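One predicted model, sequence on top.
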Amino acid sequence: MAEPVLDIKGLRKNFGALKATDDVSISLYPGEIHALIGPNGAGKSTLIHQICGTLRQDQGSIRLAGKEIGNLGVAERARKGLGRTFQISSLAVEFSALRNVMLAVQARQGSSFRFLRPVRSDRNLVDEAMDRLSRVGLAERAHIPAGELSHGEKRQLEIAIALALDVKAFLLDEPMAGMGPEGSKVLTGFLAKLRQEAPILLVEHDMDAVFALADRISVLVYGRIIATGTVEEIRRDPVVRTAYLGDHA
Ligand SMILES: Nc1ncnc2c1ncn2[C@@H]1O[C@H](COP(=O)(O)OP(=O)(O)OP(=O)(O)O)[C@@H](O)[C@H]1O
C-alpha cells in the first residue's frame, strides 16, 4: 500500500479535565476522501485546529508527505502543502477570480523581487493561474470579482488557490454548510473529482454528501475514534449506529 500523504498518530488535546482529542490516529492515502464524522462536541474542530496548527497538540505526531509538521506554525504548514478550506474570508472579494489565484501563485514563488522580473514571467503567472481555474471549472468566470461569484463558485475558487499553493492534502471543514440542495449536489460532484488532485480529509455533517463521497470514514465520539472503515462497514457497525448514526444508517 502507498504511504499516507497525511499521517496523524496519537494526537491528544486536553482542556482542563476534558479530553477533546484522545489518542486520535487518522491516515489519508493518495486519491482518497476520508470523512471525519461525529456528534456535536465530539472534537472534530479541535482536531482540525491541531492539524492545521491553530491549536498545538499536547501529544502526538502529524506527518505530511513523510515529514513531521506538528511543531510548525500555521503558515509554515500551509507552505508545506496543507490546504485548509473553506475560509471564504481569505478571498480578496474586490479582485477578480484570476487575480486571487495569481496572488497565490506569487505567494508560493516568493514575491519580494518580482518587480525586477521580465514581463514574460507575468504571462507565466496568468497562464498558471488560468490553469488552476480551469482545473476547478472556473475558467469562464476568471474576470468576475470574487465577491460576485456564487457561494459554490467561491468554494471552487478557494480550491483553485490551494492548487496554486501546490497543496498535498486538503482539509475541508464543512464544505456543504450554507449550500442549498442543488448547490450541494454540484459541490459533491466537484469534490468527487478533486480527490485526484490531492486527498481530502472531510469534516461534514451532511450525511448524504459523506456517504456519496467518502472512501473511508472515521467516527469521533468524545474525542476518540470509535471506528474507521468504508461507508458500508461504518453503516453496519452496531457501535456507530448506537453512538451516532441512528436513523442515518
Ligand atoms: N478552547 C476551548 N476551551 C475549552 N474547551 C473547549 C475549547 N474548544 C473546544 N472545547 C470543548 O472541546 C470539546 C470538543 O469541541 P469541538 O468544537 O472540537 O467539537 P466538534 O466535534 O467540532 O463539534 P461541532 O460538530 O459542534 O462543531 C467540546 O466539549 C468543547 O466544548
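Structure's in. What do you need? Numbers count the residues shown, from 1 in each chain.

Are we agreed that residue 179 is in a strand?
No: if the criterion is DSSP: H, G, I helix; E, B strand; the rest coil, then residue 179 is coil and not within a strand.

Using CSV, write out every CA atom in stretch 83-98.
Presented in CSV, the C-alpha positions along stretch 83-98 are these (Å, rounded to 0.1, in the frame of the first residue of the first chain):
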residue,chain,number,x,y,z
GLY,A,83,-4.6,23.2,2.2
ARG,A,84,-7.3,24.2,4.6
THR,A,85,-10.5,25.5,3.2
PHE,A,86,-13.1,26.9,3.4
GLN,A,87,-12.2,30.2,4.9
ILE,A,88,-14.1,32.4,2.5
SER,A,89,-12.7,35.5,4.2
SER,A,90,-9.3,34.7,2.7
LEU,A,91,-10.6,35.7,-0.7
ALA,A,92,-9.9,39.3,-1.9
VAL,A,93,-13.6,40.0,-2.8
GLU,A,94,-12.9,43.1,-4.9
PHE,A,95,-10.3,41.3,-7.1
SER,A,96,-11.1,39.0,-10.0
ALA,A,97,-11.0,35.3,-9.5
LEU,A,98,-7.9,35.3,-11.7
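
List the buried residues of it.
83, 84, 85, 86, 91, 96, 97, 98 (16 or more other C-beta atoms under 10 Å). (C-beta placed from N, C-alpha, C; glycine too.)

Among those residues, list the two that are farthest apart in space.
84 and 96 (23.1 Å; C-beta to C-beta).

excluding its backbone neighbours, what's nearest the residue nearest the centre of the chain?
For the chain, residue 171 is the residue whose C-alpha lies nearest the centre (C-alpha atoms, centre = their mean; 2.1 Å). Spatial nearest neighbour of residue 171, chain neighbours left out: residue 84 (4.5 Å); criterion: C-beta to C-beta, 6 or more residues apart in numbering.

ditto for residue 237
Among residues not flanking residue 237 along the chain, residue 227 sits closest, at 5.1 Å (C-beta to C-beta, 6+ apart).

tell me the secondary structure for the spatially closest residue to residue 221 that is not a sequence neighbour?
Nearest in space to residue 221, with sequence neighbours left out and distances taken as C-beta to C-beta, 6+ apart, is residue 243 at 4.9 Å. Judged by three-state DSSP, the three-state class of residue 243 is helix.

what's the burial count for residue 243?
Applying other C-beta atoms under 10 Å, we find 18 other residues in the vicinity of residue 243.

try residue 69
With other C-beta under 10 Å as criterion, residue 69 counts 21.

Give me the distance from the helix or strand bottoming out on mean pLDDT in the chain to the chain's centre.
Using mean pLDDT, DSSP states H and E, strand 82-85 stands out as the lowest-scoring helix or strand of the chain, at a mean of 82. Distance of strand 82-85 from the chain centroid (C-alpha atoms, centre = their mean, to the nearest Å) equals 5 Å.

for that strand, packing partners?
helix 44-52, helix 151-164, strand 169-173 (3 or more C-beta pairs under 8 Å, 6 or more residues apart in numbering; DSSP states H and E).

buried ones in the top helix by length along the chain?
Ordering each helix of the chain by length in residues (DSSP state H) puts helix 119-135 first. With burial defined by 16+ other C-beta under 10 Å, the residues of helix 119-135 counted as buried are 125, 126, 128, 129, 130, 132, 133, 135.
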